[in-house]
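Q: Structure for this input, please:
(chains A and B)
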Amino acid sequence: DTGVSQDPRHKITKRGQNVTFRCDPISEHNRLYWYRQTLGQGPEFLTYFQNEAQLEKSRLLSDRFSAERPKGSFSTLEIQRTEQGDSAMYLCASSYTGGTEAFFGQGTRLTVV
Amino acid sequence: KQEVTQIPAALSVPEGENLVLNCSFTDSAIYNLQWFRQDPGKGLTSLLLIQSSQREQTSGRLNASLDKSSGRSTLYIAASQPGDSATYLCAVLTQGGSEKLVFGKGTKLTVNP
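A: Numbers count the residues shown, from 1 in each chain, chains lettered A, B, ... in the order given. You can find the predicted model right below:
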């Protein structure tokens, strides 16, 4: 098992463009989480999935953000009409349910110019 | 609303010193508490997981304790090394219909040779 994989590792985009990130969780993990982290802060929760069902979305997640997890495997996070305030590290994590250990990927660093 | 606080925000010690990092949380309704390490620009590496029914966990030079009733956890690092320099984050997995990790802002540790 190679752990949680995120792609791309870095993304630079112009303001107003759309971007999409991908996360491949550890196989057989049914929970998948997305977090956002800015410099000097702890990760902030965005959304999570149980298999293919999106169970919760943070109020931080504006209508420009959408996440999917088709077939309960990999997940994508799309940001439409990016703004400079979207610049951050986007982290994905996976786990089994029932309070088990969560494992994080290396993150996608987004810079909006 | 669960809130996690980490003290101190930064810590600088000479190599070989034993040290303690502190984490507190406001709501004791948690499944577990997890300590992570984060190197600059990287993702999170899981260090220790303590289930809510446990009091402590050990891994090598690391020992984490949990006092759920008082909402506190400590991470003890023995015989610190320059390679331990990183940001240490604690997170609690919340209960009550919203199962997500809530993070503190982290403690930035520098171990000087």
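Q: from what I can see B:A78 touches B:G16, true?
A: No - the pair B:A78 / B:G16 is not scored as a contact, 9.7 Å apart, by C-beta atoms under 8 Å. Just so you know, the C-beta spots here come from the backbone N, C-alpha and C atoms, and that holds for glycine as well.
Q: how about the residues of chain B near chain A?
A: Proximity of chain B to chain A is confined to B:4, B:31-32, B:34, B:36, B:41-46, B:49, B:51-52, B:89, B:91, B:93, B:98-106 under the rule C-beta under 8 Å from any C-beta of the partner chain.
Q: mind running it again at 6 Å?
A: B:31-32, B:43-44, B:46, B:49, B:89, B:93, B:98, B:100, B:103-106 (C-beta under 6 Å from any C-beta of the partner chain).
Q: Quick check: the two most widely separated of those?
A: B:G43 and B:S98 (23.3 Å; C-beta to C-beta).
Q: Between those two, tell me which one has more neighbours.
A: More neighbours surround B:G43 than the other of B:G43 and B:S98, with 23 against 13 (other C-beta atoms under 10 Å in any protein chain shown).
Q: And for the closest residue to the more buried one other than its chain neighbours, the neighbour number?
A: Spatially, and ignoring its direct neighbours in sequence, B:G43 is nearest to A:Q106 (4.1 Å; C-beta to C-beta, 6 or more residues apart in numbering or on different chains). When neighbours are defined as other C-beta under 10 Å, A:Q106 has 19 of them.
Q: Understood, closing this out.
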